[in-house]
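Peer 1: need a 3D model of the following:
(one chain, ligands or ions: 1)
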Amino acid sequence: MFFLCLLLALMMTTTTNATTTAIEVKALPYAYDALAPAISEETMRFHHDKHYAGYVAKLNELIADTPYAGQSLEEIVLTSDGSIFNQAAQAWNHEFYFEQFAPGATSAPTGPLLDAINEAFGSVEGLKSELTKAATALFGSGWVWLVEDATGKLSLLSTRNAGTPIRHGLSPLLCMDVWEHAYYIDYRNRRADAVAAAWNLIDWKKVERRYKRIRK
Ligand code: MN
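Peer 2: You can find the predicted model right below:
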């Protein structure tokens, strides 16, 4: 009986350790149907629960018993390569992507962020047009990002597959996911329509906070 108790105690300790070191799936900051009809509930359930959560689960499998176990997601993205990088960067990119939206977002960029957008793209419409063009031009799967460099200058960056700006020394402000899984349920092959609809969901207050945080 004593040994059975000891064994159970050991198993519980092991389980607790595994839980504390795992990368956790972040819940959406809004309801699954909150962005409909621009992004449907079905797309959000597949995108968050299957694709994003799948990257996190696979990452946890890959990093178990490696030096990456216990590191933050960002640390892993910045230092890994191969399969671990692919899963970690996709997890990081998706968290960043989901966080930028808000239901019925009607805000517009203001202040220093608006100035920086005007300087780089002429206007907010110029930014939207150029980024949408880059999103449709990207061949295959990837991401298109609005990024800020170390001098505070804004530009666009297209990354393939799991590519991410933080590995290029750039700070992302917003992004469009142009993997087919992000839009195929709602828009089939019409990627440009999906991007156009996503613009209306961008929470510019969140983007401004990202910009201010980076500028500190
Ligand atoms: Mn995706």
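
Peer 1: Thr43: what's it in contact with?
Peer 2: Applying Cβ atoms under 8 Å, 6 or more residues apart in numbering, we find Thr43 in contact with 182-183, 185-186. Where you see a C-beta, it was placed from the backbone N, CA and C, and this is true even at glycine.

Peer 1: likewise for Ala137?
Peer 2: By Cβ under 8 Å, 6+ apart, the contact set of Ala137 is Ser158.

Peer 1: picking up where we left off before, nearest to the ion, of the contacts of Thr43?
Peer 2: Nearest to the ion among these: Ala182, at 4.6 Å, using Cβ to the ion.

Peer 1: how much space between that closest one and Val144?
Peer 2: 11 Å (Cβ to Cβ, to the nearest Å).

Peer 1: do the same with Ala22
Peer 2: Look at Ala22 and Val144: by Cβ to Cβ, they are 30 Å apart.

Peer 1: ok, Glu130 next?
Peer 2: Glu130 is 10 Å from Val144, by Cβ to Cβ.

Peer 1: these two: which is more packed in?
Peer 2: Taking neighbours as other Cβ atoms under 10 Å, Glu130 and Val144 compare with Val144 leading, 23 against 17.

Peer 1: so the more buried one sits in a helix?
Peer 2: No - read with DSSP: H, G, I helix; E, B strand; the rest coil, Val144 is strand and lies in no helix.

Peer 1: where does it land on pLDDT?
Peer 2: Note on Val144: pLDDT of 98.

Peer 1: just list the residues touching it, thanks.
Peer 2: By Cβ under 8 Å, 6+ apart, the neighbours of Val144 are 131, 134-135, 138, 156-159, 175-176, 178.

Peer 1: how many neighbours does Ile202 have?
Peer 2: Count around Ile202 with other Cβ under 10 Å applied: 20.

Peer 1: ok, which of the contacts of Thr43 also contact the ion?
Peer 2: The subset of those within reach of the ion, by Cβ under 5 Å from the ion, is Ala182.

Peer 1: make a markdown table out of the contacts of Thr43 and add secondary structure, distance to Leu170 and neighbour count.
Peer 2: As requested, the contacts of Thr43 are exported to a markdown table (DSSP: H, G, I helix; E, B strand; the rest coil; distance: Cβ to Cβ, whole Å; neighbours: other Cβ atoms under 10 Å):
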| residue | secondary structure | distance to Leu170 | neighbour count |
| --- | --- | --- | --- |
| Ala182 | helix | 21 | 24 |
| Tyr183 | coil | 24 | 24 |
| Ile185 | helix | 30 | 16 |
| Asp186 | helix | 29 | 18 |
